[in-house]
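Asker: give me the fold of what follows.
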Amino acid sequence: MPIRIVQLGSPRAPDEGSRIGTVRRPPRGVPRAEFASRDFYDVWFPVLAPSLETMKLGQAAGTPADWTAFTKKYRSEMAEPQARHALALLATLSAQTNFSVGCYCEHEAHCHRSVLRELLQAAGARLAP
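Answerer: Coordinates of the predicted model:
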């Protein structure tokens, strides 16, 4: 029952389970009642999203050095107690149920999802490839 790391808004896999949005803001222009039915997320969990300042760093990252600065800042935020506890919770749940976590970014390699994948794995989570 591994965790899937997904792009929010993409079609769900048949056995994906609940979708958790690890984003700073809800999707624009989508009524709250339609978040799940439009394949965004079932539960909003912004504690694992980058802060607004850090998110802007990631979006503006145009060089490897910029991306490294973003990942360092995001990892620092995820080392805070509330985020560490959330990562541990998801890692524990990954052994018991199907679910996914995600963000809106098109490419995982240039998104906090890539770092979140590493952090979940380090916390002992079972992850889908």
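
Asker: please count neighbours and contacts with C-alpha atoms only from this point.
Answerer: Fine.

Asker: show me which helix runs longest in this protein.
Answerer: If you go by DSSP state H, the chain has its longest helix at helix 64-78.

Asker: flag every buried residue along the next helix or strand after it.
Answerer: Scanning forward in sequence from helix 64-78 by DSSP states H and E, the next helix or strand is helix 81-93. For helix 81-93, the neighbour count (16 or more other CA atoms under 10 Å) marks 83-84, 86-88, 90-91, 93 as buried.

Asker: among the residues you listed, which one lies nearest to residue 17?
Answerer: Each of the buried residues of helix 81-93 was scored against residue 17 by CA to CA, and residue 93 proved nearest at 11.9 Å.

Asker: thinking again about what came up before, turn the buried residues of helix 81-93 into a markdown table, including distance to residue 103.
Answerer: Converted to a markdown table, the buried residues of helix 81-93 look like this (distance: CA to CA, whole Å):
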| residue | distance to residue 103 |
| --- | --- |
| 83 | 16 |
| 84 | 19 |
| 86 | 16 |
| 87 | 16 |
| 88 | 19 |
| 90 | 16 |
| 91 | 18 |
| 93 | 19 |
